[in-house]
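Q: Test case, fold it:
(one chain, ligands or ions: 1)
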Amino acid sequence: MKYALITGGSRGIGRAIAIKLAKQGYAVVINYLNNDEAAKHTLEQIVAEGGQAELLRFDVGQPEAIEQAVEEWQQRHPDEYIDVLVNNAGIRRDNLMVFMQNEEWNSVLQTSLNAFFHLTRRLLKDMLTHRHGRIVNISSVSGLKGMAGQVNYSAAKAALIGATKALAQEVAARKVTVNAVAPGFIESDMTGDLDQGELKKLVPMKRFGKAEEVAALVAFLASDEAAYITGETIAITGGL
Ligand code: NAP
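A: Have a look, this model is predicted:
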């Protein structure tokens, strides 16, 4: 069995990725933080459709929590390793820079960027040893273009793209690929408070994207067919 860990895999884009990878035959490890009900619901849907899944609750922003969760997972699966890692968990704490609080800056960087560093470093050795691995980092169009009111989020998501390019070069010889996906406006809880009617006028396709559309791209990058793609950032924005 090949294992895929999706951080923030209980809701939104992560949930769609977990469901898609399970359909492709991966045993999926669904990470989440607070919402037990959503996580259970995702797990039950995957199992009902004949897939294999387990929950792994930890805060991706806490290095000790990562260490403990991975250690426990490895004890339960002594002969297995995580072959696919999707660094998806992320939060928004929007504010104009002049008003931005330390907590707003730190929590966004911690959840997107520091989490990438701590979790990927922890799982990388096994991928290198097995000479096979897929790392997909969920960035954002904000990381490509910058977005007013999102200096923290844009910085975190842009940094993820730089880290993706650098790490891809470090591990390519061992057949581990590292890519980033940069979604535009996607329907999810994260964008639930946005004025969809107004914002979709900015999108050439005149609609928000669906989590399943992002999941299809991630699943392709995780597949054997994508073995020669690494260090790339693929935008999925409806033309934005
Ligand atoms: P979402 O609907 O808000 O879901 C966030 C997920 O992340 C939930 O499963 C949540 O778990 C988990 N999570 C949050 N903080 C966590 C932490 N510290 N530790 C572990 N899990 C944590 O978000 P989404 O819209 O699907 O976004 C997913 C990713 O895509 C994010 O990185 C986001 O920045 C990126 N993105 C989204 C859009 C968009 O338009 N939606 C656009 C570009 C990029 P709980 O439910 O337990 O809290």
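Q: Quick check: bridge partners of L55?
A: Here L55 sits in beta bridges with I30, going by DSSP bridges.
Q: What is the burial count for it?
A: 16 (other C-beta atoms under 10 Å). In short, each C-beta sits where N, CA and C put it, glycine included.
Q: per-residue pLDDT, it?
A: Looking at L55, its pLDDT stands at 98.
Q: Same check on M1?
A: 89.
Q: which residues touch L85?
A: Taking C-beta atoms under 8 Å, 6 or more residues apart in numbering, we find L85 in contact with 4-5, 119-120, 123, 133-136.
Q: Just those residues: which are in strands?
A: 4-5, 133-136 (DSSP state E).
Q: Can you list the residue ranges for helices in the chain?
A: With helices called from DSSP state H, the chain shows them at 12-23, 36-48, 63-76, 102-109, 115-130, 141-145, 151-171, 196-199, 211-222.
Q: Now do the worst-scoring helix or strand of the chain on mean pLDDT: distance to the chain's middle.
A: Of all helical and strand segments in the chain, the minimum by mean pLDDT, DSSP states H and E falls on helix 196-199, at a mean of 93. Offset of helix 196-199 from its chain centre (C-alpha atoms, centre = their mean, to the nearest Å): 25 Å.
Q: Give me the residues contacting it.
A: Helix 196-199 has contacts (C-beta under 8 Å, 6+ apart) with 185, 187, 208.
Q: among the residues you listed, who's most crowded?
A: F185 (21 neighbours).
Q: just checking, it touches L240?
A: Yes. F185 is within contact range of L240, at 7.3 Å (criterion: C-beta atoms under 8 Å).
Q: Give the residues shared as contacts by those two.
A: V203.
Q: before we move on, back to that, the ones in strands among the contacts of L85: which ones sit near the ligand?
A: When C-beta under 6 Å from any ligand atom is applied, no member of these is adjacent to the ligand.
Q: on that earlier part again, turn the contacts of helix 196-199 into CSV, including pLDDT and distance to N88.
A: Converted to CSV, those look like this (pLDDT from 0 to 100; distance: C-beta to C-beta, whole Å):
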residue, pLDDT, distance to N88
F185, 97, 17
E187, 95, 16
F208, 97, 18
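Q: These in strands, which ones?
A: Among the contacts of helix 196-199, no member falls in strands (DSSP E).
Q: Considering only the residues you listed, which also neighbour the ligand?
A: With C-beta under 6 Å from any ligand atom as the criterion, the contacts of helix 196-199 include F185 near the ligand.
Q: What is the neighbour count of Q24?
A: As a burial measure, Q24 scores 15 neighbours (other C-beta under 10 Å).
Q: For A16, see how far away the residue most central in space within the chain is.
A: The chain has N88 as the residue nearest its centroid, 1.6 Å off, counting by C-alpha atoms, centre = their mean. In this view, N88 and A16 are 10 Å apart by C-beta to C-beta, to the nearest Å.
Q: same check, this time on T7
A: 14 Å.
Q: neighbour count winner among those two?
A: Set T7 next to A16 and count neighbours by other C-beta under 10 Å: T7 wins out with 28 against 25.
Q: Enumerate every residue touching the nearest residue to the more buried one once chain neighbours are set aside.
A: Residue nearest to T7 in three dimensions, not counting chain neighbours: A89, with 3.9 Å by C-beta to C-beta, 6 or more residues apart in numbering. Residues near A89 by C-beta under 8 Å, 6+ apart: 7-8, 14, 31, 33, 60, 111-112, 115.
Q: Around the ligand, which positions in this protein sit nearby?
A: Counting by C-beta under 6 Å from any ligand atom, the chain sits next to the ligand at 7-8, 10-14, 31-35, 38, 59-61, 88-91, 111, 138, 140, 183, 185-186, 188-191.
Q: per-residue pLDDT, the residue in the chain sticking out farthest from the centre?
A: Within the chain, the residue lying farthest from the chain centre (C-alpha atoms, centre = their mean) is V98, at 29.1 Å. Looking at V98, its pLDDT is 98.
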